[in-house]
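Chemist: Using only what follows, build the 3D model:
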Amino acid sequence: MGTENPNRANNLQGPSATPFAAPRANMPISSSHPMVGSQTSAFRPTSVPAMPNASPFSSPGPTAGSGTPGFRPMQPGRATPSYGPPTTGPPQRVPAPQFSSTSQPTPSQTSHVGQPILPPSMRPPPPSYVPSVPMGSPPQSLYNAPSSNNPPRSFVDSPYSASGPNIQPPPSSTRPTYPGYPGMQSNQVNPPPPPPPVYNQGGYAPSQPPMPAPFSSHQGGYGQVPPVAPSSGMYGGGSAPPTGVMSGLAEDFCSLSLGSAPGSFDGGLDAKALPRPLDGDVEPSSFAGMYPMNCDSRYLRLTTSAIPNSQSLVSRWQLPLGAVVCPLAETPEGEEVPVVNFATMGIVRCRRCRTYVNPYVTFTDGGRKWRCNICALLNDVQNDYFAHLDATGKRVDLDQHPELTKGSVEFVAPAEYMVRPPMPPLYFFMIDVSISAVKSGMLEVMAQTIKSCLDNLPGSPRTQIGFITFDSTIHFYNMKSSLTQPQMMVVSDLDDVFVPLPDDLLVNLSESRPVVEAFLDSLPSMFQDNVNVESAFGPALKAAFMVMSQLGGKLLIFQSTLPSLGVGRLKLRGDDLRVYGTDKEHTLRIPEDPFYKQMAADFTKFQVAVNIYAFSDKYTDIASLGTLAKYTGGQVYHYPSFHSTIHKDRLRHELARDLTRETAWEAVMRIRCGKGVRFTSYHGNFMLRSTDLIALPAVDCDKAYAMQFALEETLLTTQIVYFQVALLYTASCGERRIRVHTAAASVVTDLGEMYRQADTGAVVSLLSRLAIEKSLSYKLEDARNAVQLKIVKALKEYRKLYSVQHRVGGRMIYPESLKYLPLYGLSICKSTALRGGYADAQLDERCAAGFTMMALPVKKMLKLLYPSLLRVDEYLVKAPTVDDEFDRVCRRLPLAAESLDSRGIYILDDGFRIVVWFGRMLSPDLARNLVEEDSATDFARNQTRRTTSGRVLSTLKFS
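Modeler: Okay, the predicted model is just below:
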């Protein structure tokens with residue numbers, strides 16, 4: 001995805017121009033290869049006698065002779081000079097050397113090759129021992145004072161890495177001395193020990209190998225930058241970085257040196273140099289620190305908390321500009337959202353834009369009026385809400401009003417916020433009982449899990465429940481409380497479905513508990529001899545809609561067979577390899593029959609959310625069935641080739657969480673923003689009822705929604721933009737509530753500030769959703785390329801900010817806030833939803849992954865894209881000690897083959913499954929203690945077992 005530079009010379013091993021390459025100037029020719037031979041470099045101190053064959057140009061090829069080499073590669077065992085590029089270690093934030101603003105250097109402001117130029121307060125003491133390494137003549141930039149037209153060059157810009165101006169050294173009388181070595185002028189340079197962790201400009205950089213794309217696995221190697229002291233990362237006042245002649249300039253970015261390692265003929269990727277999110281999601285702290293009254297980032301995260309003030313700035317910000325909202329995110333113990341009840345007074349809102357009162361409104365006129373922070377309208381304060389103001393203009397009763405001090409609050413909604421009485425929590429189960437569902441063991445596991453969760457269903461004693469089963473016919477069950485056993489009623493007319501006994505199919509759980517438990521106990525045996533292979537899925541779906549349309553609720557569908565009878569029947573597709581890679585490829589990932597989208601619209605209208613549990617070893621068209629979950633705010637759970645002995649733990653965990661987690665019913669959500677900004681698109685699992693009103697029949701803590709916004713005006717005149725998320729819903733307890741999250745963000749004029757305050761988690765979450773949506777209209781390759789192109793353009797634009805002030809050379813530079821963005825971009829392209837083509841993922845598995853990713857909150861999305869890898873065998877052989885011993889011994893490892901040892905046991909956790917990896921050379925005794933005897937001896941066999949947490953499937957993999 002890089003673009004070639006037509007002005008670049010094609011040498012023997014010509015480095016390709018990458019999106020991160022600095023623009024080259026027309027300067028005297030110099031070689032990017034090591035030089036040997038009779039010719040020496042023209043860059044040497046004037047006091048050194050010139051060799052007979054000295055030339056102002058570098059020799060492009062290797063020769064042999066008696067001349068002093070311009071640079072001699074280090075031999076094993078020799079001390080590495082401080083200006084050589086390191087080869088290991090993580091990249092770090094790199095401050096630049098400080099330059100003098102005058103044209104004549106002073107001894108205190110100059111150092112020899114590789115020595116960082118430090119202010120007096122940071123300069124290290126003279127070293128006690130310095131190894132002598134013959135290095136030839138130092139580069140001439142060492143002896144030239146910086147100027148506004150010709151700033152000093154680092155070794156990244158030296159003649160060994162890129163062409164540069166042929167600068168003559170100053171007379172020896174003005175030559176600076178080396179710190180700690182006064183008067184040293186010989187050609188034998190004794191470099192100081194490695195500098196303190198402040199700066200390394202890159203040193204010797206060989207030619208860069210060609211880089212076909214930013215995410216290519218054979219990309220040019222990344223040279224390491226040594227550890228440095230962190231810098232503040234902010235320019236004072238949010239202004240643009242200083243330009244021209246400057247003093248004390250510091251680089252405000254991290255970098256990776258691109259190119260092969262010294263002495264290596266093979267370019268490649270130094271995996272150890274890449275930054276990796278081993279600490280998980282790192283939330284931006286500057287956002288909360290700047291506006292402490294903002295809601296917590298678990299509820300609302302902006303892709304950048306620095307809002308651009310102009311359209312021109314937006315056009316230069318190459319990443320999505322938007323937000324990710326998780327309105328019901330789980331809160332830590334003791335941090336519950338406060339509940340405010342205005343009772344008969346009514347909720348205080350702006351009469352024009354309908355913004356809810358929040359910490360950013362201001363009170364004036366002695367407390368009798370308040371100004372809306374969204375639209376700036378002056379509103380009257382009701383008598384019951386009036387309070388006097390103190391000397392600072394704040395209400396004297398602030399501590400009694402959490403809505404004026406907290407960014408997140410819940411209001412108890414009065415009657416005018418209801419179009420009907422609050423609905424009770426309702427769970428309706430639609431279960432496939434065909435032969436595949438019976439043989440796989442799905443019926444038994446499902447029935448046992450539902451029965452075990454009956455006591456924990458939210459909303460007791462108001463909770464209602466009902467069941468429908470189907471194969472080639474539809475089976476209804478009367479569970480009236482007066483019965484001792486449920487009564488089955490069979491409807492075989494699939495063209496004209498009707499509901500028998502509509503009043504007794506949905507029952508109150510607390511009243512009919514014995515009947516419900518009797519049904520769940522008998523369900524597996526009821527159909528154990530069923531050999532029916534057909535599926536009347538569509539007619540059963542219409543029957544479930546008839547039963548639920550009066551109240552709404554949550555419909556849980558358990559499907560094992562491709563719908564084959566009645567309305568909504570589907571056919572096999574996706575087996576034609578010729579479709580992949582063509583313009584028709586995306587049609588396999590969208591619904592085949594419009595029946596399902598129309599049913600989803602009807603379900604949403606009557607407040608019914610649909611969750612799909614798909615079990616099959618064959619194609620079941622998740623692309624069509626998942627549409628029901630997509631437009632009703634639901635979720636898709638996919639279990640390919642389900643078998644109870646293997647997948648029962650995962651099914652139990654996911655079904656139990658779905659049934660017992662706190663759920664908001666019959667909800668709608670709207671997000672408001674300040675003047676000059678508007679939301680343009682929304683991404684996730686929901687139905688958009690109007691231009692900005694999101695319909696959510698059911699929503700919980702595991703659902704998040706992304707949206708993009710744009711500027712309505714050419715230039716924003718405000719200094720702060722406010723955002724407010726409002727979710728109106730019915731709680732399981734029967735109260736109608738409004739959960740409100742409010743946040744503020746600064747308006748900036750500097751593109752660099754936008755990058756510095758970027759949120760990688762929000763950017764990745766929004767990019768993932770955009771890529772998945774693109775795959776529904778274009779080829780998978782186009783969706784992957786779109787992700788890569790956005791990241792490359794963003795880093796290229798960021799590079800332009802510093803290519804003049806700093807000598808970035810062959811380094812890829814990036815802000816600290818986005819250091820993991822390239823890695824997450826690669827993870828998106830390698831995710832199940834987007835990777836490869838036909839042979840890389842089953843069509844159902846790919847579509848199910850897409851539906852799942854569209855609904856995930858930020859933290860779960862990042863864990864799915866970059867799972868945790870832990871080595872556990874060292875912990876298992878230790879005697880148990882304190883509780884935190886596991887966290888200390890089992891640290892997260894990079895996802896690389898080098899992290900795996902054939903003698904170890906590793907756990908890979910992506911939040912949905914746990915894969916246990918057994919090394920081939922693992923001790924048989926240790927393996928025997930963990931798994932069955934057969935599994936410990938047969939390393940070609942895959943087995944499963946329940947993990948200690950018992951929450952997800954563990955796949956034990958031997959290799």
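Chemist: where along the stretch 301-450 of the chain do the strands fall?
Modeler: Assigned by DSSP state E, counting those that start in this stretch, the strands in the stretch 301-450 of the chain fall at 306-308, 322-325, 339-340, 362-364, 369-371, 378-380, 408-412, 426-432.
Chemist: Including distance to residue 691, could those go into JSON lines?
Modeler: Any C-beta I mention is one placed from the backbone N, CA and C, and that applies to glycine too. Formatted as JSON lines, those follow (distance: least, Cβ to Cβ, whole Å):
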{"stretch": "strand 306-308", "distance to residue 691": "21"}
{"stretch": "strand 322-325", "distance to residue 691": "16"}
{"stretch": "strand 339-340", "distance to residue 691": "29"}
{"stretch": "strand 362-364", "distance to residue 691": "29"}
{"stretch": "strand 369-371", "distance to residue 691": "26"}
{"stretch": "strand 378-380", "distance to residue 691": "25"}
{"stretch": "strand 408-412", "distance to residue 691": "24"}
{"stretch": "strand 426-432", "distance to residue 691": "30"}
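Chemist: Leaving out the residues flanking it, which one is nearest to residue 623?
Modeler: Distances taken as Cβ to Cβ, 6 or more residues apart in numbering put residue 847 closest to residue 623, at 4.5 Å, once the chain neighbours are dropped.
Chemist: For the strands of the stretch 301-450 of the chain, give me JSON lines that also has distance to residue 743 and mean pLDDT.
Modeler: Formatted as JSON lines, the strands of the stretch 301-450 of the chain follow (distance: least, Cβ to Cβ, whole Å; pLDDT from 0 to 100):
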{"stretch": "strand 306-308", "distance to residue 743": "11", "mean pLDDT": "95"}
{"stretch": "strand 322-325", "distance to residue 743": "9", "mean pLDDT": "97"}
{"stretch": "strand 339-340", "distance to residue 743": "18", "mean pLDDT": "95"}
{"stretch": "strand 362-364", "distance to residue 743": "17", "mean pLDDT": "95"}
{"stretch": "strand 369-371", "distance to residue 743": "18", "mean pLDDT": "96"}
{"stretch": "strand 378-380", "distance to residue 743": "21", "mean pLDDT": "96"}
{"stretch": "strand 408-412", "distance to residue 743": "10", "mean pLDDT": "97"}
{"stretch": "strand 426-432", "distance to residue 743": "34", "mean pLDDT": "97"}
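Chemist: could you dump those to TSV with mean neighbour count?
Modeler: Below are those laid out as TSV (neighbours: other Cβ atoms under 10 Å):
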stretch	mean neighbour count
strand 306-308	26
strand 322-325	26
strand 339-340	18
strand 362-364	15
strand 369-371	17
strand 378-380	14
strand 408-412	22
strand 426-432	24
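Chemist: Out of the ones you listed, flag the one nearest residue 770.
Modeler: Of all those, it is strand 322-325 that lies closest to residue 770, at 9.5 Å by Cβ to Cβ.
Chemist: From the contact counts, what lies against the closest one?
Modeler: Counting contacts by 3 or more Cβ pairs under 8 Å, 6 or more residues apart in numbering; DSSP states H and E, strand 322-325 is packed against strand 300-302, strand 663-673, strand 705-711, helix 760-775.
Chemist: mind redoing it with 7 Å?
Modeler: Packing partners of strand 322-325 (3 or more Cβ pairs under 7 Å, 6 or more residues apart in numbering; DSSP states H and E): strand 300-302, strand 705-711, helix 760-775.
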